[in-house]
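In: Make a model of this:
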Amino acid sequence: MDKQAVREAVWDAFDEGDQARFPFPPHDRIPNFAGADEAAKRLAETEAWQSATTLKANPDAPQLPVRRAALRAGKTVYVAQPRLCDPDPFLRLDPAEIPPEEVDDATTVSGIGEYGTPTAPEDVDHVDLIVAGSVGVTTDGARIGKGEGYSDLEWAVLRELDAVDSDTTVSTTVHELSVLDGPESAVGADVDLSDPDVDLPSPDAHDVPLDLVMTPERTIRTDTPHPRPDGVDWDALDDEKLSEIPVLAERAPEKK
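Out: Predicted coordinates:
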């Protein structure tokens, strides 16, 4: 199976069942799911969460409970601007600047833009915990997103500046349908994963593996064997991609 086949299997499973939550349809997005609150509570019980003062979280609906819990716990939250299209591509939500009664509004997709402070990568504090959105994951830490690659680019940019490093925990909250090698896996309904001729896609060199996977039912510590990217893979970015992302264009090395 390739990554797009996995995505389609997961999206279809959400669409055909009763586990998807607004926004609809689940296709072409990080699918929101029943139990997102419970998965966020599991994350909040981990040592990685409790010791973190600064998070980077994705802006998607299933991670809304995570963003709210972080601000209410006094943690600073960074969220990337869409497609990294702004020269200051990260929005900082500072709990000291957001009244408790406004946390719900500040953590929505629209509220992040209103309450967040645009921040250049070099001004991002060291990130202790990343919460990524995922379409599919494995119990050994491989992650499949929507396919646009921005989550991995965000890591790469921050890694160049040491704002993320080996001490940064990378996590996600997902439904069991998204755990590709789990008992309720969406792909398991159509594919015999015990067949030696069937393989889930392996991570690419630029993919950032997960340390923690939280579902409504369980906490998975992956002990991932997959290596973390140590920066931007400049050779993998064409001129068009660079031109669309100011923070990359201004940092790209000259091509020989």
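
In: Buried residues, the biggest helix by length in the chain. List them.
Out: Ranked by residue count under DSSP state H, the longest helix found in the chain is helix 3-16. Of the residues in helix 3-16, those buried under the neighbour-count criterion (16 or more other Cβ atoms under 10 Å) are 3, 6-7, 9-14. The C-beta positions use only the backbone N, C-alpha and C, and glycine is treated the same way.

In: Which strands or helices does that helix pack on?
Out: Secondary structure elements in contact with helix 3-16, counted by 3 or more Cβ pairs under 8 Å, 6 or more residues apart in numbering; DSSP states H and E, are strand 136-137, strand 143-144.

In: Out of the buried residues of helix 3-16, the closest to Ala48 would be?
Out: For Ala48, the nearest member of those is Val10. The distance, counting by Cβ to Cβ, is 25.2 Å.

In: Report the contact partners of the closest one.
Out: By Cβ atoms under 8 Å, 6 or more residues apart in numbering, the contact list for Val10 reads 31, 135-136, 177-178, 186-187.

In: Please repeat the previous calculation with a cut-off of 6 Å.
Out: Applying Cβ atoms under 6 Å, 6 or more residues apart in numbering, we find Val10 in contact with 135-136, 178, 186.

In: Take those residues and write them to TSV, including distance to Met214, neighbour count and pLDDT.
Out: Output for the contacts of Val10, formatted as TSV (distance: Cβ to Cβ, whole Å; neighbours: other Cβ atoms under 10 Å; pLDDT from 0 to 100):
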residue	distance to Met214	neighbour count	pLDDT
Val135	15	27	98
Gly136	15	26	96
Ser178	11	31	97
Ala186	17	29	87
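
In: For those, work out which two are farthest apart.
Out: Every pair of those checked by Cβ to Cβ; the farthest is Val135 and Ala186, at 9.5 Å.

In: Helix or strand for Gly111, just tell me which one.
Out: Gly111 is part of helix 109-115 when elements are defined by DSSP states H and E.

In: tell me the mean pLDDT over that helix?
Out: Model confidence over helix 109-115, given as mean pLDDT, is 97.

In: Make 12 the starting number, not 1.
Out: That works, and once the first residue is 12, the last one we named lands at helix 120-126.

In: partners of whichever helix or strand comes after that helix, with directions?
Out: Past helix 120-126, heading to the C-terminal end, the next element that is a helix or strand (DSSP H and E) is strand 128-130. Strand 128-130 sits in its sheet next to strand 101-104 (antiparallel), going by DSSP bridges.

In: Phe25 and Pro42 touch, don't they?
Out: Yes - taking Cβ atoms under 6 Å as the definition, Phe25 is a contact partner of Pro42 at 4.8 Å.

In: still on that earlier bit, how far does the helix holding Gly122 sit from its chain's centre?
Out: Its chain's C-alpha centre lies 18 Å from the corresponding centre of helix 120-126 when counted by Cα atoms, centre = their mean, to the nearest Å.

In: Kindly export it (C-alpha atoms) in CSV.
Out: What follows is helix 120-126, C-alpha atoms only, in CSV (Å, rounded to 0.1, in the frame of the first residue of the first chain):
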residue,chain,number,x,y,z
VAL,A,120,-9.2,27.8,13.8
SER,A,121,-10.4,31.4,13.4
GLY,A,122,-9.5,32.4,16.9
ILE,A,123,-5.9,31.4,16.5
GLY,A,124,-5.5,34.0,13.8
GLU,A,125,-7.2,36.7,16.0
TYR,A,126,-5.4,36.0,19.3
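
In: Give me the buried positions along that helix.
Out: For helix 120-126, the buried set under the neighbour-count rule, 16+ other Cβ under 10 Å, comprises 122-123, 126.

In: Show residues contacting it.
Out: With Cβ under 6 Å, 6+ apart as the contact definition, helix 120-126 has outside contacts at 70, 90, 102, 109, 116-117.

In: Mind putting the contacts of Val21 into JSON lines with distance to Pro240?
Out: Compiled in JSON lines, the contacts of Val21 are given as follows (distance: Cβ to Cβ, whole Å):
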{"residue": "Val146", "distance to Pro240": "19"}
{"residue": "Gly147", "distance to Pro240": "19"}
{"residue": "Ser189", "distance to Pro240": "22"}
{"residue": "Ala197", "distance to Pro240": "27"}
